[in-house]
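# predicted model and sequence follow; I will ask about them next.
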Amino acid sequence: MSSQAESPGLEKAGSNQSGDRALTILQFLAKHPDATVGAVARELDVHKSTASRLLATLERHGLVTQSTWRGTYSLGFGLVRLAGAVTAQDSFAQAAQHACDELSHSLAETPNVAILDDLAAANIAQATGSAALFRAREYVGRRTPLNATSSGKVLLAFAGGQTRSAYRQTELERFTERTITNHDALDEELERIRRRGWGYSHQEWEELINAIAVP
């Protein structure tokens, strides 16, 4: 009976502690990008399994991102949306959003801007055009695959050799029947993109969705 009466308070205390730890992780990663789980655990003075669970929660919300080949953690681009809501200062994300808004108005299509984030494309701006047959999915703050999206393939095509080599060690995930899942085929596609200066995705990420991208 006593335990049941005390549980709400204990639950609240645990929730507050998790919140404090999550904020501490974000502050720590701001100063120490590419930190290991062990480093985060030492900063929080907790077991590595606890730090790993907290990092996994933050990663699901896009607030931190894990390096695919190093296993380290850095701040994620989900923070861009939060930062954009509280600042009126010019920034790359705001400039990208302005460009998307203008392009959407002139072409009536749905443009977005993505940047390379570890081994994924991080989408930082988007505008929905009037020509869209259905409501476009909101991609701002999301990381999308390099092998299946037009922006991802363009980013990978013009990335440095170290990034391309690291990506070649990964398994290419299939999303539709048209997704490129063979590294040799992807290398040929990237070479074509470099030669012509633009790339496209023909229903490779989502059915019925086609897209083109330029660097």
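Perfect, thanks for sending it.
# and the closest residue to Arg194 other than its chain neighbours, how many neighbours?
The shortest distance from Arg194 to any non-neighbouring residue, by Cβ to Cβ, 6 or more residues apart in numbering, is to Ala157 (5.2 Å). The C-beta positions use only the backbone N, C-alpha and C, and glycine is treated the same way. Neighbourhood size, Ala157 [other Cβ atoms under 10 Å]: 23.
# how close does Ala157 get to Leu55?
31 Å (Cβ to Cβ, to the nearest Å).
# can you pull out the strands in the protein?
64-66, 73-75, 112-117, 120-126, 143-144, 199-202, 210-213 (DSSP state E).
# for Gly152, find the nearest of those.
strand 120-126 (4.2 Å; Cβ to Cβ).
# within its sheet, name the partner strands of the closest one and how each one runs.
Take DSSP bridges as the rule and strand 120-126 pairs in its sheet with strand 112-117 (antiparallel), strand 143-144 (antiparallel).
# next, the buried residues of stretch 206-215.
Ile209, Ala211, Ala213 (16 or more other Cβ atoms under 10 Å).
# Gly161: which of those is nearest?
Using Cβ to Cβ, the buried residues of stretch 206-215 come closest to Gly161 at Ala213, 20.8 Å.
# my guess is that closest one contacts Ala157. True?
No: contact criterion Cβ atoms under 8 Å: Ala213 and Ala157 do not qualify, at 9.7 Å.
# which stretches of the protein aren't confidently modelled?
In the predicted model, the chain carries pLDDT under 70 at residues 1-15, 83-90, 131-137.
# quick one, what contacts the residue nearest in space to the middle of it?
Central residue of the chain (Cα atoms, centre = their mean): Arg143, 2.6 Å from the mean position. Applying Cβ atoms under 8 Å, 6 or more residues apart in numbering to Arg143 gives the contacts Gly62, Thr65, Gly76, Phe77, Asp117, Ala120, Ala121, Ala122, Asn123.
# who are the contact partners of the spatially closest residue to Lys48 that is not a sequence neighbour?
Nearest non-adjacent residue to Lys48, counting by Cβ to Cβ, 6+ apart: Ala41, 4.6 Å away. Residues near Ala41 by Cβ under 8 Å, 6+ apart: His47, Lys48, Thr50, Ala51.
# ok, so of those residues, who is nearest Gln97?
Ala51 (34.1 Å).
# do I have it right that that closest one meets Asp45?
No: using Cβ under 8 Å, Ala51 makes no contact with Asp45, being 9.9 Å away.
# and these two? which has more neighbours close in?
Higher neighbour count among Ala51 and Asp45: Ala51, with 24 against 9, using other Cβ under 10 Å.
# ok so, going back, of the strands of the chain, flag the one that's most buried.
strand 120-126 (a mean of 24; mean count of other Cβ atoms under 10 Å).
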